[in-house]
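> below are the sequence and a predicted model; questions follow.
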Amino acid sequence: VQQTLPPQLWAITGDTTQLYQVVMNLCVNARDAMPDGGTLSISAENVHLDAEFVRSNLDAQPGDFVVIQVRDTGMGIPPEIRSKIFEPFFTTKIAGQGSGLGLATVLGIVKSHNGFIDFESELGRGTSFKIYLPAVKNKVAPVLERETRELPRGQGETILIVDDEVEILQMTRETLAAYGYRTLIAKGGDEALFQCRQRAIDLAIVDMMMPRMDGLATIQELKKLHPALKIITTSGLADSRKQAAATALGASAFLDKPCPPGKMIQTIATVLRAKF
């Protein structure tokens, strides 16, 4: 792993946890692209984008940016799938090793920060992703503005994350830990029931689309063990009937996949503090 981080980088305005997730997702993809080893390079630099650059990149706009680059020396992305890599649920990994949400989440977070992404890839020689984020030069965001964007922190509550995708479990666990929550993970309904029997749990986040024991069955059994357990459901497919059934079983909220970390943290805090 190599990094190049100059000391005089400009500031940006953003959510630390979300931007951490962007870099983490790109680094995980880079690692997976180098099964036999290689070089993972992370760098950042200040750039000014002029009108000529903007004309050649439809997502760009002129101005000052901080560019974060994650580059690998791996297999590269085949030309025929490069237009699809940011689509939700598109993945080339085998079942259980990738949800297809990593790059879709990255794109969503970057766009929410008024930035854009550029990437280059060559088969057998690696891939480079560049994240362009608007710079704040010689300015400090007003205190009131920072306070309104601050997300509520947990008080050490224990949250059970139930999902059959390992990548989702890991990313969610990292996000919740950063905001002061204790976490337990379960790769399916059976593991969720085991965890609920072993420990006190304040809230469960349950994926609705799981093999063997789906979200509805999992919620029903969890509620039998712990009737007061607060539950948030999550899914990448909108199904109003299943959502209604989950609500009838006691679910308090629903999150779409991919879900921005900020929305997830805010929803968790709201559900935990609700008096029901």
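Cool, the structure landed. All figures in this text were calculated on a predicted structure; none of them were measured in a lab.
> if you count contacts, what does the top helix by length along the chain end up packed against?
In the chain, assigned by DSSP state H, the helix with the most residues is helix 16-32. Counting contacts by 3 or more Cβ pairs under 8 Å, 6 or more residues apart in numbering; DSSP states H and E, helix 16-32 packs against strand 63-71, helix 102-112, strand 126-136, helix 166-178, helix 261-273. The C-beta positions use only the backbone N, C-alpha and C, and glycine is treated the same way.
> now residue 29: how far from residue 70?
Separation of residue 29 from residue 70 (Cβ to Cβ, to the nearest Å): 8 Å.
> typo on my end, residue 158
Using Cβ to Cβ, one gets 33 Å for the distance from residue 158 to residue 70.
> neighbour count: these two, which is higher?
Set residue 158 next to residue 70 and count neighbours by other Cβ atoms under 10 Å: residue 70 wins out with 23 against 16.
> thought that one was touching residue 23?
Yes - if you go by Cβ atoms under 8 Å, residue 70 and residue 23 touch, sitting 6.7 Å apart.
> who touches both of those two?
residue 42 (Cβ atoms under 8 Å, 6 or more residues apart in numbering).
> turn the helices and strands packed on helix 16-32 into CSV, including mean pLDDT.
Shown next, in CSV, are the helices and strands packed on helix 16-32 (pLDDT from 0 to 100):
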stretch, mean pLDDT
strand 63-71, 94
helix 102-112, 86
strand 126-136, 94
helix 166-178, 86
helix 261-273, 92
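> circling back to that earlier point, can you dump the C-alpha atoms of the longest helix of the chain in CSV for me?
What follows is helix 16-32, C-alpha atoms only, in CSV (Å, rounded to 0.1, in the frame of the first residue of the first chain):
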residue,chain,number,x,y,z
THR,A,16,-16.6,11.9,7.7
THR,A,17,-18.3,8.5,7.9
GLN,A,18,-19.7,8.7,4.4
LEU,A,19,-16.4,9.7,2.9
TYR,A,20,-14.7,7.0,4.9
GLN,A,21,-17.1,4.5,3.3
VAL,A,22,-16.3,5.8,-0.2
VAL,A,23,-12.6,5.2,0.3
MET,A,24,-13.1,1.9,2.0
ASN,A,25,-15.4,0.6,-0.8
LEU,A,26,-12.8,1.6,-3.4
CYS,A,27,-10.0,0.0,-1.5
VAL,A,28,-11.9,-3.3,-1.0
ASN,A,29,-12.6,-3.4,-4.8
ALA,A,30,-8.9,-2.7,-5.5
ARG,A,31,-7.9,-5.5,-3.1
ASP,A,32,-10.3,-8.0,-4.8
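> okay then, goodbye and thanks.
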